[in-house]
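Trainee: next come a sequence and a model predicted from it.
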Amino acid sequence: MHFFETRHLTKAFGGLVAVNDVTFQVEEGEIYGLIGPNGSGKTTVFNCITGYYPITSGAVLFKGKELNSLQTWKICKEGIGRTFQIVKPLRRMTVLENVMTAAFCRTSNAHEARDKAIEVLNFCEMGKKIDYPAKGLTIGDRKRMEIARALATDPKLLLLDETMAGLTPQEQSDGVELIRKVRDSGTTIIIVEHIMQVIMNLCDRLLCINYGTEIAKGTPAEVANNQDVIEAYLGKE
Ligand SMILES: Nc1ncnc2c1ncn2[C@@H]1O[C@H](COP(=O)(O)OP(=O)(O)OP(=O)(O)O)[C@@H](O)[C@H]1O
Ligand SMILES: [Mg+2]
């Protein structure tokens, strides 16, 4: 049994097949990369895994259990957390309150939710910013708070959708450190990212898709040297 897998995952929006027959497996403790050019279907894969979109056909299995028909909040309770590519903080709330809302996934007690949120914010090195209003955060801190919100749900599998986009080089390398720390604390990760340096640095294995279809799978070096991958990103010339 694999820790996580998709089998022939397919998602069509009318005539547009955004994800087409995608099969991959992730083992516990891995950092698994999902890459592909803009519009290739990466976020749609995450939306299908987390029940945000109903899948057209195929299956999503977590620890051997099929998740296909579950609602988003039930999938979260099963232990799959995610970040969103377009972060939408609760702008009028503080950083702490934003993370507390996620912690209520596991408790209905406000003190426990607060303790969990503080623990996670300290882990993400945002402990000094817990009282900041979310609307005033820099993009770097907004992305970090998005990771903290996902972690507050206590995921065993965390899906990260472009958490490094728009960050400075220093913020990116801090982000890489944070993601490693998350993995080392016992959370398996699937990461979508365009910044190749980040992907090559972090991932144990990769899947590359184009037009919703697998074009390569393997170690970062294998995928980066694959001719179809190079053409998908750079064109035939
Ligand atoms: N809700 C939707 N309705 C219709 N089409 C959609 C919907 N969501 C995504 N698509 C289409 O599915 C395709 C894949 O989009 P998706 O957002 O998954 O790509 P992506 O790989 O995440 O791209 P990017 O790297 O730009 O974030 C695109 O053609 C997109 O326009
Ligand atoms: Mg996307």
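Mentor: On my side now, so go ahead. Only a predicted model underlies this, so the values are computations on that prediction, with no experimental measurement involved. Ligands and ions are numbered 1, 2, ... in the order given.
Trainee: every contact and neighbour count from this point should use C-alpha atoms.
Mentor: OK.
Trainee: where do the strands sit along the protein?
Mentor: 4-13, 16-26, 31-35, 57-62, 65-66, 80-82, 157-161, 188-192, 205-210, 213-218 (DSSP state E).
Trainee: now distance to E231, mean pLDDT and mean neighbour count too, for those, in JSON lines please.
Mentor: Output for those, formatted as JSON lines (distance: least, CA to CA, whole Å; pLDDT from 0 to 100; neighbours: other CA atoms under 10 Å):
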{"stretch": "strand 4-13", "distance to E231": "24", "mean pLDDT": "98", "mean neighbour count": "19"}
{"stretch": "strand 16-26", "distance to E231": "19", "mean pLDDT": "98", "mean neighbour count": "18"}
{"stretch": "strand 31-35", "distance to E231": "14", "mean pLDDT": "98", "mean neighbour count": "25"}
{"stretch": "strand 57-62", "distance to E231": "28", "mean pLDDT": "98", "mean neighbour count": "19"}
{"stretch": "strand 65-66", "distance to E231": "35", "mean pLDDT": "96", "mean neighbour count": "14"}
{"stretch": "strand 80-82", "distance to E231": "30", "mean pLDDT": "98", "mean neighbour count": "25"}
{"stretch": "strand 157-161", "distance to E231": "23", "mean pLDDT": "98", "mean neighbour count": "25"}
{"stretch": "strand 188-192", "distance to E231": "19", "mean pLDDT": "98", "mean neighbour count": "25"}
{"stretch": "strand 205-210", "distance to E231": "10", "mean pLDDT": "98", "mean neighbour count": "24"}
{"stretch": "strand 213-218", "distance to E231": "11", "mean pLDDT": "97", "mean neighbour count": "18"}
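Trainee: adding distance to ligand 1, write these out as TSV.
Mentor: Listed next are the strands of the chain as TSV, based on distance: least, CA to the nearest ligand atom, whole Å:
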stretch	distance to ligand 1
strand 4-13	5
strand 16-26	4
strand 31-35	8
strand 57-62	16
strand 65-66	22
strand 80-82	14
strand 157-161	8
strand 188-192	8
strand 205-210	8
strand 213-218	11
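Trainee: can you give me the neighbour number for G127?
Mentor: Residues near G127, counting by other CA atoms under 10 Å, number 16.
Trainee: next one: the residue nearest to it when sequence neighbours are not counted from ligand 1, what distance?
Mentor: Distance criterion CA to CA, 6 or more residues apart in numbering; nearest residue to G127, sequence neighbours excluded, is L121 at 5.2 Å. Taking CA to the nearest ligand atom, to the nearest Å as the measure, L121 falls 26 Å from ligand 1.
Trainee: and the longest helix belonging to the chain, what does it pack onto?
Mentor: Using DSSP state H, we find that the single longest helix of the chain is helix 169-184. Other helices and strands packing on helix 169-184, by 3 or more CA pairs under 8 Å, 6 or more residues apart in numbering; DSSP states H and E, are helix 196-202.
Trainee: dump the C-alpha coordinates for the helix it packs on into CSV.
Mentor: Only the C-alpha atoms of helix 196-202 are listed here, as CSV (Å, rounded to 0.1, in the frame of the first residue of the first chain):
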residue,chain,number,x,y,z
MET,A,196,13.5,25.1,-10.4
GLN,A,197,16.1,25.8,-7.9
VAL,A,198,13.6,25.2,-5.1
ILE,A,199,12.3,22.0,-6.8
MET,A,200,15.7,20.6,-7.5
ASN,A,201,16.8,21.4,-3.9
LEU,A,202,13.8,19.9,-2.1
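Trainee: so what secondary structure elements neighbour it?
Mentor: On a contact count with 3+ CA pairs under 8 Å, 6+ apart, helix 196-202 meets helix 169-184, helix 220-224.
Trainee: among these, which is nearest S108?
Mentor: With CA to CA, the closest approach to S108 among these belongs to helix 169-184: 24.7 Å.
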